[in-house]
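K.L.:
here is a sequence together with a model predicted from it:
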Amino acid sequence: MATQTPVTAILDKTPASPPRRLLFQVLHDWLTTLDHKKIGLMYIVYALIFLVIGGLEAVLMRIQLAIPNNHFVSPETFNRLFTMHGTTMVFFVGMPILFGFGNYLIPLMIGARDMAFPRLNAFSFWISAFGGTLLYFSYVGGSGLYGAGSAPDVGWFAYAPLTAHVFSPGHSTDYWTLAVLLSGVGTVGTAVNIVATTLCMRCPGMKLSRMPLLVWLYLITSFMVFVTISPLTAAQIMLMLDRYVGSHFFDTQAGGSAVLWMHFFWIFGHPEVYILVLPAFAFANEIIPVFSRKAIFGYPAMAAASVCIGFISLSVWAHHMFTVGMGPGANTFFTLSTMIISVPTGIKIFNWLATLWGGKIQFTTAMLFAIGFLFQFLIAGLTGIMLSVSPFNWQLSASYFVIAHFHYVLVGAILFMIFSAFYYWYPKITGRMLNERLGKWHFWLFLIGFHLTFDFMHIPGLLGMPRRVYTYEADRGWMMWNMIVSSGAIVQTAGTLLFVFNMVRSYFKGAIAGADPWDAWTLEWSTTSPPPEYNFAVTPSVASRRPLWDLKHPEDPDGNYE
(Lines give C-alpha, C1' and ligand atoms only; values in the text may rest on other atoms or scores of the structure.)
Protein backbone atom coordinates (compact mmCIF):
# COMPACT_ATOMS: atom_id res chain seq x y z
CA MET A 1 0.00 0.00 0.00
CA ALA A 2 1.36 3.40 -0.92
CA THR A 3 2.14 5.72 1.96
CA GLN A 4 1.40 9.43 1.97
CA THR A 5 4.34 11.78 1.65
CA PRO A 6 4.51 14.24 4.56
CA VAL A 7 4.03 17.90 3.70
CA THR A 8 7.45 18.70 5.18
CA ALA A 9 9.09 16.19 2.81
CA ILE A 10 7.36 17.79 -0.15
CA LEU A 11 8.58 21.19 1.01
CA ASP A 12 12.15 19.93 1.26
CA LYS A 13 12.00 18.78 -2.38
CA THR A 14 10.28 21.91 -3.68
CA PRO A 15 12.67 24.04 -5.72
CA ALA A 16 11.45 27.21 -4.04
CA SER A 17 13.49 29.85 -2.28
CA PRO A 18 13.73 29.50 1.55
CA PRO A 19 11.53 32.58 2.23
CA ARG A 20 8.81 31.18 -0.02
CA ARG A 21 9.07 27.79 1.65
CA LEU A 22 8.87 29.41 5.08
CA LEU A 23 5.81 31.42 4.05
CA PHE A 24 4.10 28.25 2.85
CA GLN A 25 4.87 26.54 6.13
CA VAL A 26 3.47 29.44 8.14
CA LEU A 27 0.28 29.60 6.06
CA HIS A 28 -0.15 25.83 6.26
CA ASP A 29 0.33 25.95 10.02
CA TRP A 30 -2.33 28.63 10.54
CA LEU A 31 -4.84 27.27 8.01
CA THR A 32 -4.76 23.76 9.47
CA THR A 33 -4.24 24.60 13.13
CA LEU A 34 -6.31 23.07 15.92
CA ASP A 35 -4.64 25.16 18.64
CA HIS A 36 -7.32 27.13 20.50
CA LYS A 37 -5.00 30.15 20.78
CA LYS A 38 -4.41 30.42 17.04
CA ILE A 39 -8.09 29.88 16.31
CA GLY A 40 -8.94 32.58 18.84
CA LEU A 41 -6.50 34.96 17.18
CA MET A 42 -7.97 34.21 13.74
CA TYR A 43 -11.42 35.05 15.11
CA ILE A 44 -10.06 38.34 16.47
CA VAL A 45 -8.18 39.35 13.30
CA TYR A 46 -11.17 38.37 11.14
CA ALA A 47 -13.43 40.54 13.33
CA LEU A 48 -11.01 43.48 13.22
CA ILE A 49 -11.01 43.39 9.42
CA PHE A 50 -14.80 43.52 9.40
CA LEU A 51 -14.71 46.26 12.07
CA VAL A 52 -12.79 48.42 9.60
CA ILE A 53 -15.28 47.59 6.83
CA GLY A 54 -18.34 48.20 9.03
CA GLY A 55 -16.82 51.40 10.39
CA LEU A 56 -16.21 52.67 6.87
CA GLU A 57 -19.86 51.97 6.02
CA ALA A 58 -20.94 53.96 9.09
CA VAL A 59 -18.72 56.90 8.11
CA LEU A 60 -20.22 56.95 4.61
CA MET A 61 -23.73 57.04 6.09
CA ARG A 62 -22.78 59.86 8.46
CA ILE A 63 -21.31 61.91 5.59
CA GLN A 64 -24.60 61.46 3.75
CA LEU A 65 -26.63 62.64 6.78
CA ALA A 66 -24.33 65.50 7.83
CA ILE A 67 -26.27 68.13 5.85
CA PRO A 68 -29.81 68.35 4.43
CA ASN A 69 -30.60 67.33 0.85
CA ASN A 70 -27.22 65.70 0.44
CA HIS A 71 -26.53 63.37 -2.49
CA PHE A 72 -23.17 61.93 -1.47
CA VAL A 73 -24.58 58.43 -2.04
CA SER A 74 -27.78 57.31 -3.77
CA PRO A 75 -30.83 56.13 -1.81
CA GLU A 76 -30.24 52.56 -3.00
CA THR A 77 -26.61 52.66 -1.87
CA PHE A 78 -27.64 54.10 1.50
CA ASN A 79 -30.09 51.23 2.06
CA ARG A 80 -27.35 48.72 1.29
CA LEU A 81 -24.91 50.53 3.56
CA PHE A 82 -27.09 50.37 6.66
CA THR A 83 -28.05 46.76 5.94
CA MET A 84 -24.42 45.71 5.57
CA HIS A 85 -23.24 47.87 8.48
CA GLY A 86 -25.73 46.41 10.95
CA THR A 87 -25.26 42.82 9.80
CA THR A 88 -21.48 43.17 9.81
CA MET A 89 -21.21 44.72 13.26
CA VAL A 90 -23.52 42.23 14.98
CA PHE A 91 -22.69 38.96 13.21
CA PHE A 92 -19.16 39.44 11.88
CA VAL A 93 -17.56 41.80 14.41
CA GLY A 94 -19.25 41.44 17.80
CA MET A 95 -19.76 37.68 17.85
CA PRO A 96 -16.37 36.64 16.38
CA ILE A 97 -14.23 39.00 18.43
CA LEU A 98 -15.89 38.07 21.73
CA PHE A 99 -15.80 34.34 21.01
CA GLY A 100 -12.21 34.81 19.83
CA PHE A 101 -11.20 36.10 23.25
CA GLY A 102 -13.17 33.25 24.84
CA ASN A 103 -11.40 30.72 22.65
CA TYR A 104 -8.01 32.09 23.60
CA LEU A 105 -8.56 32.64 27.32
CA ILE A 106 -10.88 29.94 28.68
CA PRO A 107 -8.52 26.94 28.47
CA LEU A 108 -5.70 29.05 29.93
CA MET A 109 -7.91 30.30 32.77
CA ILE A 110 -9.14 26.84 33.79
CA GLY A 111 -5.77 25.11 33.47
CA ALA A 112 -6.60 23.09 30.32
CA ARG A 113 -4.35 22.43 27.34
CA ASP A 114 -6.97 23.04 24.64
CA MET A 115 -10.69 23.19 23.97
CA ALA A 116 -12.70 20.00 24.40
CA PHE A 117 -13.24 19.52 20.64
CA PRO A 118 -10.35 21.05 18.67
CA ARG A 119 -11.64 19.98 15.23
CA LEU A 120 -15.10 21.35 15.96
CA ASN A 121 -13.37 24.55 17.09
CA ALA A 122 -11.60 24.91 13.73
CA PHE A 123 -14.77 24.04 11.81
CA SER A 124 -16.74 26.67 13.75
CA PHE A 125 -14.27 29.38 12.82
CA TRP A 126 -14.05 28.51 9.15
CA ILE A 127 -17.82 28.19 8.68
CA SER A 128 -18.29 31.59 10.35
CA ALA A 129 -15.55 33.11 8.20
CA PHE A 130 -17.19 31.67 5.11
CA GLY A 131 -20.50 33.28 6.15
CA GLY A 132 -18.96 36.76 6.31
CA THR A 133 -17.17 36.30 3.01
CA LEU A 134 -20.37 35.06 1.39
CA LEU A 135 -22.26 38.16 2.52
CA TYR A 136 -19.75 40.49 0.89
CA PHE A 137 -19.57 38.39 -2.23
CA SER A 138 -23.02 39.84 -3.01
CA TYR A 139 -21.26 43.16 -3.72
CA VAL A 140 -19.09 41.72 -6.48
CA GLY A 141 -21.24 38.90 -7.83
CA GLY A 142 -22.82 41.20 -10.38
CA SER A 143 -25.67 40.00 -12.55
CA GLY A 144 -23.76 37.22 -14.26
CA LEU A 145 -23.69 33.52 -13.48
CA TYR A 146 -24.49 33.92 -9.77
CA GLY A 147 -27.07 36.66 -10.21
CA ALA A 148 -26.16 38.39 -6.96
CA GLY A 149 -27.10 41.82 -8.31
CA SER A 150 -25.76 43.81 -5.36
CA ALA A 151 -25.61 43.89 -1.59
CA PRO A 152 -28.86 43.30 0.34
CA ASP A 153 -30.94 46.37 1.16
CA VAL A 154 -33.52 44.98 3.62
CA GLY A 155 -32.04 46.22 6.92
CA TRP A 156 -30.09 44.03 9.32
CA PHE A 157 -33.37 42.61 10.70
CA ALA A 158 -34.90 42.09 7.25
CA TYR A 159 -38.54 42.72 8.09
CA ALA A 160 -41.16 41.04 5.90
CA PRO A 161 -42.42 41.81 3.31
CA LEU A 162 -39.20 43.63 2.27
CA THR A 163 -37.59 40.21 1.79
CA ALA A 164 -40.24 39.00 -0.67
CA HIS A 165 -39.16 38.53 -4.29
CA VAL A 166 -41.38 41.38 -5.43
CA PHE A 167 -39.52 43.87 -3.19
CA SER A 168 -36.11 42.17 -3.24
CA PRO A 169 -35.53 40.65 -6.67
CA GLY A 170 -32.32 38.86 -7.49
CA HIS A 171 -30.30 36.99 -4.93
CA SER A 172 -28.88 39.65 -2.62
CA THR A 173 -31.34 38.72 0.16
CA ASP A 174 -30.41 35.05 -0.31
CA TYR A 175 -26.76 35.88 0.31
CA TRP A 176 -27.78 37.67 3.51
CA THR A 177 -29.91 34.70 4.61
CA LEU A 178 -27.22 32.10 3.96
CA ALA A 179 -24.47 34.24 5.50
CA VAL A 180 -26.39 34.72 8.75
CA LEU A 181 -27.41 31.05 8.83
CA LEU A 182 -23.79 29.87 8.41
CA SER A 183 -22.61 32.33 11.03
CA GLY A 184 -25.17 30.84 13.41
CA VAL A 185 -23.85 27.33 12.77
CA GLY A 186 -20.33 28.45 13.66
CA THR A 187 -21.56 30.26 16.76
CA VAL A 188 -23.40 27.19 18.04
CA GLY A 189 -20.31 25.05 17.45
CA THR A 190 -18.17 27.44 19.49
CA ALA A 191 -20.79 27.54 22.24
CA VAL A 192 -20.83 23.72 22.44
CA ASN A 193 -17.06 23.77 22.80
CA ILE A 194 -17.08 26.40 25.55
CA VAL A 195 -19.70 24.52 27.58
CA ALA A 196 -17.90 21.17 27.25
CA THR A 197 -14.51 22.69 28.02
CA THR A 198 -15.76 24.60 31.05
CA LEU A 199 -17.73 21.72 32.58
CA CYS A 200 -15.31 18.86 31.84
CA MET A 201 -11.74 20.16 31.56
CA ARG A 202 -11.10 22.30 34.63
CA CYS A 203 -7.82 21.64 36.41
CA PRO A 204 -7.72 19.91 39.83
CA GLY A 205 -9.19 22.05 42.58
CA MET A 206 -11.09 24.41 40.28
CA LYS A 207 -14.65 23.94 41.40
CA LEU A 208 -17.42 26.00 39.78
CA SER A 209 -17.25 28.34 42.78
CA ARG A 210 -13.54 28.95 42.08
CA MET A 211 -13.81 29.63 38.34
CA PRO A 212 -12.85 33.11 37.13
CA LEU A 213 -15.97 35.17 36.53
CA LEU A 214 -14.96 35.50 32.89
CA VAL A 215 -15.43 31.75 32.47
CA TRP A 216 -18.76 31.91 34.31
CA LEU A 217 -20.11 34.56 31.94
CA TYR A 218 -18.94 32.79 28.81
CA LEU A 219 -20.66 29.64 30.07
CA ILE A 220 -23.95 31.54 30.50
CA THR A 221 -23.51 33.22 27.12
CA SER A 222 -23.05 29.84 25.45
CA PHE A 223 -26.27 28.47 26.92
CA MET A 224 -28.06 31.58 25.66
CA VAL A 225 -26.66 30.90 22.18
CA PHE A 226 -28.31 27.45 22.20
CA VAL A 227 -31.72 29.02 22.89
CA THR A 228 -31.56 32.05 20.62
CA ILE A 229 -29.78 30.90 17.47
CA SER A 230 -32.35 28.14 16.83
CA PRO A 231 -35.32 30.49 16.18
CA LEU A 232 -33.17 32.67 13.94
CA THR A 233 -32.03 29.65 11.94
CA ALA A 234 -35.62 28.43 11.64
CA ALA A 235 -36.70 31.86 10.40
CA GLN A 236 -33.94 31.90 7.78
CA ILE A 237 -35.03 28.48 6.53
CA MET A 238 -38.67 29.59 6.36
CA LEU A 239 -37.61 32.72 4.46
CA MET A 240 -35.76 30.60 1.90
CA LEU A 241 -38.83 28.36 1.54
CA ASP A 242 -40.99 31.45 0.97
CA ARG A 243 -38.66 32.73 -1.71
CA TYR A 244 -38.06 29.49 -3.62
CA VAL A 245 -40.54 26.75 -2.74
CA GLY A 246 -43.78 28.72 -2.69
CA SER A 247 -44.54 28.58 1.03
CA HIS A 248 -46.19 31.59 2.66
CA PHE A 249 -44.86 31.86 6.22
CA PHE A 250 -44.34 35.62 5.93
CA ASP A 251 -46.44 36.42 2.83
CA THR A 252 -49.34 38.48 4.14
CA GLN A 253 -51.10 38.35 0.75
CA ALA A 254 -51.42 34.56 1.05
CA GLY A 255 -52.35 34.22 4.72
CA GLY A 256 -48.85 34.48 6.19
CA SER A 257 -47.77 36.85 8.93
CA ALA A 258 -45.12 39.58 8.79
CA VAL A 259 -45.33 39.80 12.59
CA LEU A 260 -44.28 36.14 12.79
CA TRP A 261 -40.90 37.10 11.31
CA MET A 262 -40.59 39.89 13.90
CA HIS A 263 -41.20 37.44 16.76
CA PHE A 264 -38.72 34.91 15.39
CA PHE A 265 -36.08 37.56 14.75
CA TRP A 266 -36.37 39.40 18.05
CA ILE A 267 -36.42 36.16 20.08
CA PHE A 268 -32.85 36.09 18.84
CA GLY A 269 -32.27 39.81 18.37
CA HIS A 270 -32.76 41.17 21.87
CA PRO A 271 -31.04 38.36 23.83
CA GLU A 272 -28.27 38.83 21.27
CA VAL A 273 -27.53 42.19 22.93
CA TYR A 274 -26.89 40.31 26.18
CA ILE A 275 -24.92 37.61 24.36
CA LEU A 276 -22.63 40.43 23.27
CA VAL A 277 -22.59 42.40 26.53
CA LEU A 278 -22.04 39.49 28.93
CA PRO A 279 -18.50 38.87 27.59
CA ALA A 280 -17.90 42.62 28.01
CA PHE A 281 -19.02 42.20 31.63
CA ALA A 282 -16.61 39.25 31.81
CA PHE A 283 -13.69 41.46 30.78
CA ALA A 284 -14.69 44.05 33.39
CA ASN A 285 -14.80 41.34 36.07
CA GLU A 286 -11.14 40.51 35.41
CA ILE A 287 -9.71 43.96 34.64
CA ILE A 288 -11.31 46.19 37.27
CA PRO A 289 -10.12 44.11 40.29
CA VAL A 290 -6.53 43.89 39.01
CA PHE A 291 -6.18 47.66 38.56
CA SER A 292 -8.11 48.38 41.77
CA ARG A 293 -5.71 46.06 43.64
CA LYS A 294 -8.71 44.43 45.28
CA ALA A 295 -10.59 41.18 44.89
CA ILE A 296 -13.93 41.47 43.07
CA PHE A 297 -16.67 42.56 45.45
CA GLY A 298 -19.47 39.98 45.84
CA TYR A 299 -18.31 37.07 43.67
CA PRO A 300 -21.43 34.93 44.42
CA ALA A 301 -23.76 37.85 43.71
CA MET A 302 -21.97 38.60 40.45
CA ALA A 303 -22.30 34.99 39.28
CA ALA A 304 -25.97 34.83 40.33
CA ALA A 305 -26.75 38.17 38.66
CA SER A 306 -25.21 36.87 35.43
CA VAL A 307 -27.44 33.79 35.52
CA CYS A 308 -30.48 36.02 36.13
CA ILE A 309 -29.57 38.28 33.21
CA GLY A 310 -29.23 35.26 30.93
CA PHE A 311 -32.61 33.90 32.01
CA ILE A 312 -34.62 37.14 32.02
CA SER A 313 -33.16 38.35 28.71
CA LEU A 314 -34.95 35.50 26.95
CA SER A 315 -38.32 37.03 27.89
CA VAL A 316 -37.93 40.65 26.77
CA TRP A 317 -37.81 40.40 22.97
CA ALA A 318 -41.17 41.97 22.16
CA HIS A 319 -40.40 45.36 23.65
CA HIS A 320 -39.17 45.97 20.10
CA MET A 321 -42.75 45.38 18.96
CA PHE A 322 -44.88 47.73 21.06
CA THR A 323 -46.09 49.51 17.89
CA VAL A 324 -47.37 46.41 16.06
CA GLY A 325 -50.58 46.07 18.08
CA MET A 326 -49.87 43.19 20.47
CA GLY A 327 -52.52 44.37 22.92
CA PRO A 328 -52.39 45.68 26.51
CA GLY A 329 -51.64 42.29 28.08
CA ALA A 330 -48.53 41.61 26.02
CA ASN A 331 -47.40 45.22 26.27
CA THR A 332 -47.65 45.08 30.07
CA PHE A 333 -45.73 41.79 30.31
CA PHE A 334 -42.86 42.94 28.14
CA THR A 335 -42.70 46.32 29.87
CA LEU A 336 -42.33 44.59 33.25
CA SER A 337 -39.82 41.99 32.05
CA THR A 338 -37.68 44.71 30.48
CA MET A 339 -37.70 46.70 33.70
CA ILE A 340 -36.93 43.63 35.84
CA ILE A 341 -33.72 42.89 33.96
CA SER A 342 -32.35 46.17 35.28
CA VAL A 343 -32.19 44.64 38.79
CA PRO A 344 -29.40 42.05 38.22
CA THR A 345 -27.69 44.54 35.91
CA GLY A 346 -27.76 47.13 38.69
CA ILE A 347 -26.22 44.57 41.07
CA LYS A 348 -23.28 44.26 38.71
CA ILE A 349 -22.76 48.01 38.43
CA PHE A 350 -22.84 48.46 42.22
CA ASN A 351 -20.41 45.56 42.70
CA TRP A 352 -17.94 47.06 40.22
CA LEU A 353 -18.21 50.41 42.02
CA ALA A 354 -17.69 48.65 45.36
CA THR A 355 -14.58 47.01 43.93
CA LEU A 356 -13.26 50.42 42.94
CA TRP A 357 -14.19 51.97 46.29
CA GLY A 358 -11.18 52.13 48.56
CA GLY A 359 -8.92 50.47 46.01
CA LYS A 360 -5.47 51.57 44.94
CA ILE A 361 -6.60 52.39 41.41
CA GLN A 362 -4.03 52.31 38.62
CA PHE A 363 -5.17 54.40 35.66
CA THR A 364 -3.71 52.27 32.90
CA THR A 365 -5.30 52.49 29.46
CA ALA A 366 -7.17 49.24 30.10
CA MET A 367 -8.60 50.70 33.32
CA LEU A 368 -9.57 53.98 31.63
CA PHE A 369 -11.63 52.10 29.05
CA ALA A 370 -13.22 50.04 31.84
CA ILE A 371 -14.21 53.17 33.78
CA GLY A 372 -15.62 54.69 30.60
CA PHE A 373 -17.61 51.49 30.13
CA LEU A 374 -19.15 51.80 33.63
CA PHE A 375 -20.35 55.35 33.03
CA GLN A 376 -21.65 54.74 29.53
CA PHE A 377 -23.37 51.46 30.31
CA LEU A 378 -25.20 53.18 33.15
CA ILE A 379 -26.56 55.79 30.70
CA ALA A 380 -27.44 53.06 28.20
CA GLY A 381 -29.34 51.23 30.94
CA LEU A 382 -31.28 54.37 31.89
CA THR A 383 -32.37 55.06 28.30
CA GLY A 384 -33.23 51.37 28.02
CA ILE A 385 -35.59 51.69 30.99
CA MET A 386 -37.15 54.73 29.31
CA LEU A 387 -37.75 52.69 26.14
CA SER A 388 -39.20 49.82 28.16
CA VAL A 389 -42.23 51.99 28.96
CA SER A 390 -44.61 51.22 26.11
CA PRO A 391 -46.19 54.73 25.75
CA PHE A 392 -42.74 56.34 25.58
CA ASN A 393 -41.54 53.63 23.20
CA TRP A 394 -44.61 54.19 21.03
CA GLN A 395 -43.52 57.79 20.44
CA LEU A 396 -39.84 57.07 19.79
CA SER A 397 -39.93 53.66 18.10
CA ALA A 398 -37.91 53.59 14.86
CA SER A 399 -36.38 56.99 15.66
CA TYR A 400 -32.77 58.02 16.10
CA PHE A 401 -33.30 57.94 19.88
CA VAL A 402 -33.43 54.14 19.61
CA ILE A 403 -30.31 54.15 17.41
CA ALA A 404 -28.49 56.25 20.03
CA HIS A 405 -29.54 53.89 22.85
CA PHE A 406 -28.52 50.80 20.89
CA HIS A 407 -25.10 52.22 20.04
CA TYR A 408 -24.58 53.33 23.62
CA VAL A 409 -24.69 49.62 24.46
CA LEU A 410 -22.77 48.28 21.45
CA VAL A 411 -20.09 50.98 21.34
CA GLY A 412 -20.15 52.64 24.75
CA ALA A 413 -20.20 49.36 26.65
CA ILE A 414 -19.11 46.47 24.44
CA LEU A 415 -16.52 48.15 22.20
CA PHE A 416 -15.00 50.05 25.12
CA MET A 417 -14.50 46.78 26.99
CA ILE A 418 -13.10 45.12 23.87
CA PHE A 419 -10.50 47.89 23.70
CA SER A 420 -9.84 47.40 27.41
CA ALA A 421 -9.37 43.67 26.84
CA PHE A 422 -6.86 44.34 24.06
CA TYR A 423 -4.76 46.57 26.30
CA TYR A 424 -4.95 44.02 29.14
CA TRP A 425 -4.29 40.75 27.27
CA TYR A 426 -2.15 41.98 24.35
CA PRO A 427 1.02 41.40 26.43
CA LYS A 428 -0.04 37.80 27.07
CA ILE A 429 -0.86 37.17 23.41
CA THR A 430 2.23 38.79 21.86
CA GLY A 431 4.78 39.00 24.67
CA ARG A 432 5.02 42.78 24.22
CA MET A 433 3.34 45.75 25.87
CA LEU A 434 1.15 48.21 24.03
CA ASN A 435 2.35 51.79 24.24
CA GLU A 436 0.51 53.47 27.14
CA ARG A 437 0.95 57.01 25.82
CA LEU A 438 -0.58 56.11 22.46
CA GLY A 439 -3.22 54.13 24.34
CA LYS A 440 -4.30 57.16 26.36
CA TRP A 441 -4.49 59.26 23.19
CA HIS A 442 -6.68 56.50 21.71
CA PHE A 443 -8.90 56.54 24.80
CA TRP A 444 -9.49 60.29 24.89
CA LEU A 445 -10.04 60.61 21.14
CA PHE A 446 -12.49 57.73 21.11
CA LEU A 447 -14.27 58.96 24.26
CA ILE A 448 -14.73 62.47 22.86
CA GLY A 449 -15.83 61.12 19.47
CA PHE A 450 -18.24 58.67 21.08
CA HIS A 451 -20.00 61.34 23.14
CA LEU A 452 -20.14 63.79 20.23
CA THR A 453 -21.84 61.12 18.14
CA PHE A 454 -24.18 59.28 20.44
CA ASP A 455 -25.04 61.89 23.08
CA PHE A 456 -26.25 64.28 20.41
CA MET A 457 -27.91 61.53 18.36
CA HIS A 458 -30.64 61.35 21.01
CA ILE A 459 -31.77 64.90 20.19
CA PRO A 460 -32.86 64.51 16.54
CA GLY A 461 -34.59 61.31 17.68
CA LEU A 462 -36.60 63.31 20.21
CA LEU A 463 -37.31 65.85 17.44
CA GLY A 464 -38.82 63.11 15.26
CA MET A 465 -35.99 62.04 12.95
CA PRO A 466 -36.77 58.48 11.83
CA ARG A 467 -34.16 55.77 11.45
CA ARG A 468 -33.30 54.53 7.94
CA VAL A 469 -33.93 58.04 6.53
CA TYR A 470 -31.76 58.78 3.49
CA THR A 471 -31.89 62.59 3.62
CA TYR A 472 -34.08 65.35 5.08
CA GLU A 473 -35.24 68.89 4.45
CA ALA A 474 -33.39 71.87 5.92
CA ASP A 475 -36.47 73.13 7.81
CA ARG A 476 -36.74 70.10 10.11
CA GLY A 477 -34.28 71.43 12.72
CA TRP A 478 -32.00 68.40 12.50
CA MET A 479 -29.03 69.83 10.57
CA MET A 480 -26.90 71.09 13.48
CA TRP A 481 -27.33 67.88 15.48
CA ASN A 482 -26.49 65.68 12.50
CA MET A 483 -23.38 67.74 11.76
CA ILE A 484 -22.17 67.22 15.36
CA VAL A 485 -22.97 63.50 15.18
CA SER A 486 -21.06 63.11 11.91
CA SER A 487 -18.04 65.04 13.23
CA GLY A 488 -17.93 62.69 16.21
CA ALA A 489 -17.73 59.72 13.85
CA ILE A 490 -14.60 61.24 12.27
CA VAL A 491 -12.98 61.66 15.72
CA GLN A 492 -13.77 58.03 16.57
CA THR A 493 -12.18 56.96 13.30
CA ALA A 494 -8.99 58.86 14.19
CA GLY A 495 -8.86 57.14 17.59
CA THR A 496 -9.37 53.72 16.01
CA LEU A 497 -6.58 54.30 13.47
CA LEU A 498 -4.28 55.25 16.35
CA PHE A 499 -5.21 51.98 18.09
CA VAL A 500 -4.36 49.97 14.98
CA PHE A 501 -1.03 51.82 14.65
CA ASN A 502 -0.27 51.11 18.33
CA MET A 503 -0.91 47.39 17.91
CA VAL A 504 1.28 47.08 14.82
CA ARG A 505 4.11 49.21 16.22
CA SER A 506 4.08 47.47 19.59
CA TYR A 507 4.22 44.03 17.98
CA PHE A 508 7.69 44.90 16.66
CA LYS A 509 8.96 47.56 19.09
CA GLY A 510 6.90 47.19 22.27
CA ALA A 511 8.54 46.61 25.66
CA ILE A 512 8.96 42.95 26.62
CA ALA A 513 6.01 42.00 28.79
CA GLY A 514 7.15 38.99 30.78
CA ALA A 515 4.76 36.37 32.08
CA ASP A 516 2.76 38.62 34.44
CA PRO A 517 3.18 42.36 33.80
CA TRP A 518 0.03 43.33 35.76
CA ASP A 519 0.64 41.28 38.94
CA ALA A 520 -2.67 39.52 38.22
CA TRP A 521 -4.10 36.38 39.79
CA THR A 522 -5.66 34.10 37.17
CA LEU A 523 -3.90 31.12 35.63
CA GLU A 524 -3.19 32.53 32.17
CA TRP A 525 -0.57 34.80 33.78
CA SER A 526 1.30 31.80 35.23
CA THR A 527 2.62 30.68 31.85
CA THR A 528 4.91 32.42 29.38
CA SER A 529 3.90 35.30 27.11
CA PRO A 530 2.90 34.19 24.53
CA PRO A 531 1.91 30.80 25.96
CA PRO A 532 3.41 27.61 24.52
CA GLU A 533 1.27 25.42 22.29
CA TYR A 534 0.58 23.05 25.18
CA ASN A 535 -0.28 25.94 27.59
CA PHE A 536 1.05 24.27 30.75
CA ALA A 537 3.98 21.86 31.02
CA VAL A 538 2.42 20.53 34.24
CA THR A 539 -1.33 20.67 34.84
CA PRO A 540 -1.87 23.31 37.54
CA SER A 541 -3.79 22.73 40.74
CA VAL A 542 -5.70 25.50 42.53
CA ALA A 543 -7.03 25.96 46.04
CA SER A 544 -8.87 29.31 45.73
CA ARG A 545 -10.26 31.82 43.25
CA ARG A 546 -6.86 33.62 43.23
CA PRO A 547 -4.26 30.93 42.56
CA LEU A 548 -1.42 33.25 41.49
CA TRP A 549 -2.01 35.60 44.40
CA ASP A 550 -1.84 32.66 46.80
CA LEU A 551 1.54 31.66 45.36
CA LYS A 552 3.02 35.15 45.35
CA HIS A 553 1.57 36.31 48.68
CA PRO A 554 1.00 33.36 51.03
CA GLU A 555 0.86 35.81 53.95
CA ASP A 556 -2.35 37.37 52.50
CA PRO A 557 -4.73 34.48 51.65
CA ASP A 558 -7.71 36.83 51.27
CA GLY A 559 -6.08 38.44 48.24
CA ASN A 560 -6.87 42.05 49.16
CA TYR A 561 -3.74 43.52 47.52
CA GLU A 562 -3.01 45.31 50.80
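P.N.:
Received, thanks.
K.L.:
what packs against the helix or strand harbouring Lys38?
P.N.:
Using DSSP states H and E, the element containing Lys38 is helix 36-65. When contacts are defined as 3 or more Cβ pairs under 8 Å, 6 or more residues apart in numbering; DSSP states H and E, helix 36-65 packs onto helix 75-87, helix 95-109, helix 118-140, helix 479-509. Just so you know, the C-beta spots here come from the backbone N, C-alpha and C atoms, and that holds for glycine as well.
K.L.:
for Tyr244, which of those helices is the nearest?
P.N.:
Taking Cβ to Cβ, helix 118-140 is the member of those nearest to Tyr244, at 16.7 Å.
K.L.:
and the closest one with helix 95-109, angle?
P.N.:
If you take axes from the mean of the first three to the mean of the last three Cα atoms, to 10 degrees, helix 118-140 sits at 160 degrees to helix 95-109.
K.L.:
show me what the next helix or strand after helix 118-140 is packed up against.
P.N.:
Next helix or strand after helix 118-140 toward the C-terminus (DSSP H and E): helix 172-200. On a contact count with 3+ Cβ pairs under 8 Å, 6+ apart, helix 172-200 meets helix 75-87, helix 95-109, helix 118-140, helix 213-244.
K.L.:
if you set the cut-off to 6 Å instead, what comes out?
P.N.:
helix 95-109, helix 118-140, helix 213-244 (3 or more Cβ pairs under 6 Å, 6 or more residues apart in numbering; DSSP states H and E).
K.L.:
comparing those helices, which comes out most buried?
P.N.:
helix 95-109 (a mean of 27; mean count of other Cβ atoms under 10 Å).
K.L.:
avg pLDDT for it?
P.N.:
Averaging pLDDT along helix 95-109 gives 96.
K.L.:
point out where the stretch 101-250 of the chain drops to low pLDDT.
P.N.:
Low-confidence segments of the stretch 101-250 of the chain (pLDDT under 70): 141-149.
K.L.:
tell me the spacing between the spatially closest residue to Thr383 that is not a sequence neighbour and Phe377.
P.N.:
Closest residue to Thr383 apart from its sequence neighbours, by Cβ to Cβ, 6 or more residues apart in numbering: His405 at 4.3 Å. Distance of His405 to Phe377, computed by Cβ to Cβ, to the nearest Å: 12 Å.
K.L.:
and what of Leu27?
P.N.:
40 Å.
K.L.:
and Ile361, by the same measure?
P.N.:
Separation of Ile361 from Phe377 (Cβ to Cβ) stands at 18 Å.
K.L.:
same question, Ile371
P.N.:
For Ile371, the distance to Phe377 equals 11 Å [Cβ to Cβ].
K.L.:
neighbour count for the two, which is higher?
P.N.:
Applying other Cβ atoms under 10 Å to Ile371 and Phe377 shows that Phe377 carries more neighbours, namely 26 against 19.
K.L.:
what's the stretch of helix or strand that one belongs to in contact with?
P.N.:
Assigning secondary structure by DSSP H and E places Phe377 in helix 365-388. With contacts defined as Cβ atoms under 6 Å, 6 or more residues apart in numbering, helix 365-388 is touched by 284, 287-288, 291, 319, 335, 338-339, 342, 352, 392-393, 405, 408-409, 412-413, 416-417, 419-420, 423-424, 436, 439-440, 443, 447.
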